[in-house]
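Student: Dropping a prediction and its sequence here:
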Amino acid sequence: MILFARHPEAGRVKTRLIPALGAEGAAALHRRFVLRTLRAAGAACRTAQAELEIRFDGGSEAAMSHWLGEGRFLRKQPEGDLGRRMECAFKDSFQEGSTATIIIGSDCPELTAELLRTAFERLTTEPVVFGPTNDGGYYLIGLSQPVPELFHGISWGTDTVLPESLRALARSRLEAVLLKRLNDIDRPEDLSAWRRITEAEDTGVNRLSVIIPALNEVKSIATTLAAVREGRPHEIFLVDGAGAPGK
């Protein structure tokens with residue numbers, strides 16, 4: 001599973017939301033979306049026994065690692081339009097032995113681990129899976145084989161991305177599985193959908209965050225984390241109080 005994410009630099013992420021939220025507010029929302037998507041992706045990967053890779057744009061590997069934590073599989077996106085970037089990601093993944101690869105973005109806060117697991121399951125028998133968005137694009141694309149036609153001649157960033165992609169598939173005599181349609185939070189008018197999501201979650205009785213303080217517990221923390229995950233909390237914060245290396 002490959003997550004496309006940008007380094008959260010104010011003024012360079014979620015730019016279409018800046019008129020409504022300001023540059024700092026748009027960057028803060030982007031950070032929240034990425035972390036939310038990482039939680040869902042991590043849960044799905046554990047079940048599907050898949051590797052999680054983050055392909056980033058902007059910033060540096062050190063900056064991304066500082067933000068998202070060490071131990072992440074990070075790669076910088078190449079130059080070019082979105083199609084070329086996705087084509088390169090799929091090509092690398094298949095060359096490295098993957099039998100099914102999914103690329104997701106971070107702009108759909110309704111994306112769940114269950115949807116991601118479903119995508120992997122469908123790729124065991126189907127060549128292509130799309131997660132459509134209501135604005136004519138897609139939040140997920142999954143392949144079980146290379147399909148380069150999907151990344152050329154597409155009007156990226158428009159409301160015709162998915163229809164054009166489906167037509168490209170038809171010319172290749174392939175069909176796609178379509179997952180649940182979700183809202184993409186890109187424009188000021190999309191923020192009402194985000195507010196509905198957060199209001200529903202904030203009033204949920206099962207919403208629980210777990211904070212685990214730790215000090216030099218690297219050898220035993222995995223057992224604790226596994227036990228906490230069984231309760232399916234909303235989020236887990238691991239706070240490491242260790243000093244500098246060697247201390």
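Tutor: That came through, no problem. Computed from a predicted structure; not experimentally measured.
Student: neighbours of Thr118, just the number please.
Tutor: Neighbour count for Thr118, taken as other C-beta atoms under 10 Å: 18. C-beta coordinates here come from the backbone N, C-alpha and C atoms, glycine included.
Student: Just list what the lengthiest helix in the chain packs against, helices and strands only.
Tutor: Counting by DSSP state H, the longest helix found in the chain is helix 18-48. Judged by 3 or more C-beta pairs under 8 Å, 6 or more residues apart in numbering; DSSP states H and E, the packing partners of helix 18-48 are strand 2-6, helix 61-68, helix 113-122, helix 191-202.
Student: For it, list every residue counted as buried.
Tutor: 18, 21, 23, 26-31, 33-34, 36-38, 40-41, 43-45, 48 (16 or more other C-beta atoms under 10 Å).
Student: Report the mean per-residue pLDDT for that helix.
Tutor: Summarised as a single mean, pLDDT over helix 18-48 is 96.
Student: now it against helix 191-202, angle please.
Tutor: 50 degrees (axes from the mean of the first three to the mean of the last three C-alpha atoms, to 10 degrees).
Student: what about the residue lying closest to Ile212 once chain neighbours are set aside, which SS state?
Tutor: Of all residues not flanking Ile212 in the chain, Leu238 sits nearest, at 5.0 Å (C-beta to C-beta, 6 or more residues apart in numbering). Following DSSP: H, G, I helix; E, B strand; the rest coil, the label given to Leu238 is strand.
Student: got the contact list for Leu238?
Tutor: Neighbour list for Leu238: 212, 214, 221, 225 [criterion: C-beta atoms under 8 Å, 6 or more residues apart in numbering].
Student: mind checking how far the last one is from Glu175?
Tutor: In this case it means Leu225. Distance of Leu225 to Glu175, computed by C-beta to C-beta, to the nearest Å: 40 Å.
Student: ditto for His66
Tutor: With C-beta to C-beta as the criterion, His66 and Glu175 are 43 Å apart.
Student: go on, Gly136?
Tutor: Distance from Gly136 to Glu175, by C-beta to C-beta: 19 Å.
Student: Same check on Ala44?
Tutor: 24 Å.
Student: ok, now Ala10?
Tutor: 42 Å.
Student: try Ser220
Tutor: Taking C-beta to C-beta, one finds Ser220 at 49 Å from Glu175.
Student: rewinding a little: so between Gly136 and Glu175, which is more surrounded?
Tutor: Neighbours per residue, other C-beta under 10 Å: of Gly136 and Glu175, the larger number sits with Gly136, 15 against 12.
Student: Please state the backbone phi and psi of the more buried one?
Tutor: The phi/psi pair for Gly136 (degrees, to the nearest 10) reads phi 90, psi 0.
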